[in-house]
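task: produce atomic coordinates for the following.
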Amino acid sequence: MLTIRCKKCKGKIFKYNKIGKGRVLRCWFSRIRKDYSVRDGNEVKCECGNLIGIIEGPKVKMKQNAFEYSGTKVRK
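Have a look, this model is predicted:
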């Protein structure tokens, strides 16, 4: 389980169940366990206003320099 945080204010964005190794490029809605984000149309933002990603169908395409994460990834 990963905790995805805003890079600006360190506020929580998602608790996310990442499967496999590699970077977080997109977050699938079916794997988001807790959602602390703010939605503005198709934009996903932190409470501080930092743009985290764009909603594209069943996933959020993450903006790479807007967030950081910690936790463990599940291997399959």
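
in stretch 14-23, what's buried?
Neighbour-count burial for stretch 14-23 flags 14, 15, 16, 17, 18 (criterion: 16 or more other C-beta atoms under 10 Å). From N, CA and C alone the C-beta is placed, and that goes for glycine too.

whoops, I mixed them up, stretch 40-54
So, applying 16+ other C-beta under 10 Å, buried residues of stretch 40-54: 44, 45, 46, 50, 52, 53.

thinking again about what came up before, JSON lines for the buried residues of stretch 14-23, including secondary structure and pLDDT?
Shown next, in JSON lines, are the buried residues of stretch 14-23 (DSSP: H, G, I helix; E, B strand; the rest coil; pLDDT from 0 to 100):
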{"residue": "14", "secondary structure": "strand", "pLDDT": "94"}
{"residue": "15", "secondary structure": "strand", "pLDDT": "96"}
{"residue": "16", "secondary structure": "strand", "pLDDT": "95"}
{"residue": "17", "secondary structure": "coil", "pLDDT": "94"}
{"residue": "18", "secondary structure": "coil", "pLDDT": "91"}
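
circling back to that earlier point, so of the buried residues of stretch 40-54, which ones are in strands?
44, 45, 52, 53 (DSSP state E).

which two in those are spaced the farthest apart?
Among those, the pair separated by the greatest distance (C-beta to C-beta) is 45 and 53, at 8.9 Å.
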